[in-house]
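1. what follows is a predicted protein model with its sequence.
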Amino acid sequence: MTTIKLDLSGLKCPLPALKTRKALGAVGAGGKLEVHCTDPLSAIDIPNLVRETGDRIENTERAGDRIIFLIERRMDPGSDVRR
């Protein structure tokens, strides 16, 4: 599976979480989404979103003022079956 990159630098809460949720909807089960954020609240909001969707954060990294999340999609969009 390929990794989709999403650069949300400069966006403030709640936009990073909302845009991440929307982007996850386009990722199939087993796919990955790499999200780049600069809003410090993303360190709380993105993990909460991922917990809520049933997906998994594979890695969280800080690079300067950036927070980078690698998220694995665990279910197909529109499906109720968790992977």
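-> Yep, that arrived. Numbering: from 1, shown residues only.
2. give me the longest helix you can find in the protein.
-> When the chain is scanned for its longest helix (criterion: DSSP state H), the result is helix 42-53.
3. list the strands paired with the following helix or strand past it, with their directions.
-> Under the assignment DSSP states H and E, the closest C-terminal helix or strand after helix 42-53 is strand 56-63. Counting by DSSP bridges, the strands paired with strand 56-63 are strand 66-72 (antiparallel).
4. quick one: contacts of the strand it pairs with?
-> With C-beta atoms under 8 Å, 6 or more residues apart in numbering as the test, strand 66-72 has contacts from 3, 9, 20, 24, 30-38, 40, 42-43, 46-47, 50, 55-62. (Glycine included, C-beta is placed from N, CA and C.)
5. how many residues are close by residue 26?
-> 11 (other C-beta atoms under 10 Å).
6. picking up where we left off before, which positions within the longest helix of the chain qualify as buried?
-> 42, 45, 46, 49, 50, 53 (16 or more other C-beta atoms under 10 Å).
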